[in-house]
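S.K.: Sequence and predicted model, in that order:
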Amino acid sequence: MSKALRYLAATRPEAATNLLGFYKHSVQALDDKTRHLIQIVTKISVGTERGLRQYAPKALKAGATKEEILDAVLMAFPAAGLNKVLDAIVVLNELELLPEVPDAEPAPAADPVLGALTDFPIKKMQCVSRATGDVIVYRPDETSVKVYDNHCSHARTSLCKGIDHGEQVECRIHNWVFDLASGKCVGPDPAGKPSLREVPAEVRDGQVVVTG
Ligand code: FES
C-alpha cells in the first residue's frame, strides 16, 4: 500500500475501506492478466508513472508477455498522446519490460573507472552515468566505497531521482528507504524486502573502479 493510501486509511478509515473494497470487488469477470493490461492503459492515459510501475510488473507476473505489455502501452496512444506513451516506454525500459530490439547492436562496454575517490564526498550519495546504466557511489568513511545499481529493489525505479537523506535514500514511488552503507532496506516495514544490488568495486590508485 502506498504512503498516501496508508495515510488515508489512518485518517479516513471508512472512505479508504470503501475505496479499496471497490477496487477489490468491482471487477469480477476479467482475469488478472487482462485486468493489469487494462490498468496499464488507464495509468498511462491519466499520466501516473507510479501506477504504471505498479501494474506493468503485475501484468508480467500474471502471464502477459513483454510484447503484450508494449501493445497495452500503444493502446493508450489515442487517449494519452505521444509524449505520455514515450514516457511510458522510458519507464518500461527502466523496468526491463520492453521486448528485445531485433538485431540490436551489442551494448557498448562501460568504463570501469567511476572517478577519483576524492571526487566523492563522504556520506553523500553520488550518481554516475555509465554505458550500462547509472550507479550510486557512496563513501561510508575515508577509506571504503560502496557502489550500487541505481534501481530500487522494489520496482526498479531510479534511486538517483530519489530523495537524498544523506546516509539513506528514499524511493519516490512507494517510499522504501535504503541505508547506503549496507544497501539494506530500512523502512517502512523492512522485513523481507530486498536490498539494493551492490556492484563490486574497489579503490585502486586513488580511483573508484568497478571490478565485476
Ligand atoms: S519502486 Fe516501489 S519503493 Fe521503489
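M.R.: Now that the structure is in, tell me what you want to look at. Residues are numbered from 1 along each chain as shown.
S.K.: which bits of this protein sit near the ligand?
M.R.: Residues of the chain lying close to the ligand by Cβ under 6 Å from any ligand atom are 53, 152, 154-155, 157, 171, 173-174, 176. C-beta here means a position set from N, CA and C on the backbone, and glycine is covered the same way.
S.K.: Distance-wise, check the residue nearest to residue 76 when sequence neighbours are not counted relative to residue 59.
M.R.: In space, and not counting its chain neighbours, residue 76 is closest to residue 44: 3.8 Å by Cβ to Cβ, 6 or more residues apart in numbering. Residue 44 sits 12 Å away from residue 59, going by Cβ to Cβ, to the nearest Å.
S.K.: So which of the two has more stuff around it?
M.R.: residue 44 (29 against 24; other Cβ atoms under 10 Å).
S.K.: Tell me if I'm right that the more buried one and residue 80 touch.
M.R.: Yes. With contact defined as Cβ atoms under 8 Å, residue 44 reaches residue 80; the gap is 4.9 Å.
S.K.: what sits in contact with each of those two?
M.R.: Counting by Cβ atoms under 8 Å, 6 or more residues apart in numbering, the common neighbours of residue 44 and residue 80 are residue 88.
S.K.: Let me see the contact set for the residue nearest in space to the middle of the chain.
M.R.: Taking Cα atoms, centre = their mean, the centroid of the chain lies closest to residue 157, which sits 1.6 Å from it. Neighbour list for residue 157: 53, 94, 151, 171-173 [criterion: Cβ under 8 Å, 6+ apart].
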